[in-house]
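> Next come a sequence and a model predicted from it.
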Amino acid sequence: MIEVGTKAPDFSLSDADGKVWSLADFAGSTLVLYFYPRDDTPGCTVEACEFRDRGLEFAAKGVKVVGISPDSVTSHEKFRRKHSLSFLLLSDPEKKTLQAYGAYGEKTMYGKKVMGVIRSTFVIDGGGIVVKVFPKVIPAGHADKVLESL
């Protein structure tokens, strides 16, 4: 997992509208980049809805929130519409960005070692430097913890 003080890895990922986004698109703004396993699953829905519910507070601080998972852009659009999510969801089906951030790897699930998305969040400053890392996130209450750290 990348550490505080390092340059955030660049990415080139699509949103549900087909627009390709990169880290440079957020230059000058603080970015909360959160990685999650799968659209419309219980934990991922809790996490996304908390970021949605705190959206005005993030915006008041000039912070952009972006979610990334390996799900398709079609899945992201359904998830976004179903839960009225107002922030970007980017698709990383090849898991290159997930791997670059250390958000994909071996984890324990139901007592078994599996490869998968490691739910984690990175706060990146306007210059592209990682200023806060939240590894192995617990979804409930996470958006509040991120807000408190800003």
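That came through, no problem.

> isn't residue 125 right up against residue 27?
No - when contacts are counted by CB atoms under 8 Å, residue 125 is not listed as touching residue 27 (10.0 Å). Quick note: C-beta positions are derived from backbone N, CA and C, even for glycine.

> Report the central residue of the chain.
residue 34 (1.8 Å; CA atoms, centre = their mean).

> and the helix or strand containing that one, which strands flank it?
Using DSSP states H and E, residue 34 sits in strand 30-35. Its sheet considered, strand 30-35 pairs with strand 63-69 (parallel), strand 120-124 (antiparallel) by DSSP bridges.

> what angle sits between the helix or strand following it and strand 120-124?
Heading C-terminal from strand 30-35, the first helix or strand you meet, by DSSP H and E, is helix 42-53. Going by axes from the mean of the first three to the mean of the last three CA atoms, to 10 degrees, helix 42-53 is angled at 30 degrees with respect to strand 120-124.

> Can you dump the C-alpha atoms of helix 42-53 in PDB for me?
Written as PDB, here are the backbone C-alpha positions of helix 42-53 (Å, rounded to 0.1, in the frame of the first residue of the first chain):
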ATOM      1  CA  PRO A  42     -24.100  -4.300   1.800                       C
ATOM      2  CA  GLY A  43     -20.800  -2.800   3.000                       C
ATOM      3  CA  CYS A  44     -20.100  -1.000  -0.300                       C
ATOM      4  CA  THR A  45     -23.600   0.600  -0.200                       C
ATOM      5  CA  VAL A  46     -23.200   1.800   3.400                       C
ATOM      6  CA  GLU A  47     -19.800   3.400   2.500                       C
ATOM      7  CA  ALA A  48     -21.100   5.000  -0.700                       C
ATOM      8  CA  CYS A  49     -24.200   6.300   0.900                       C
ATOM      9  CA  GLU A  50     -22.200   7.800   3.800                       C
ATOM     10  CA  PHE A  51     -20.000   9.700   1.300                       C
ATOM     11  CA  ARG A  52     -23.200  10.800  -0.500                       C
ATOM     12  CA  ASP A  53     -24.800  12.000   2.800                       C
END
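
> gap between it and the chain center?
Here helix 42-53 is found 11 Å from its chain centre; the criterion is CA atoms, centre = their mean, to the nearest Å.

> Mind giving me the packing neighbours of that helix?
Under the contact criterion of 3 or more CB pairs under 8 Å, 6 or more residues apart in numbering; DSSP states H and E, helix 42-53 touches strand 30-35, strand 63-69, helix 142-149.

> Since that was my last question, I'll sign off now.
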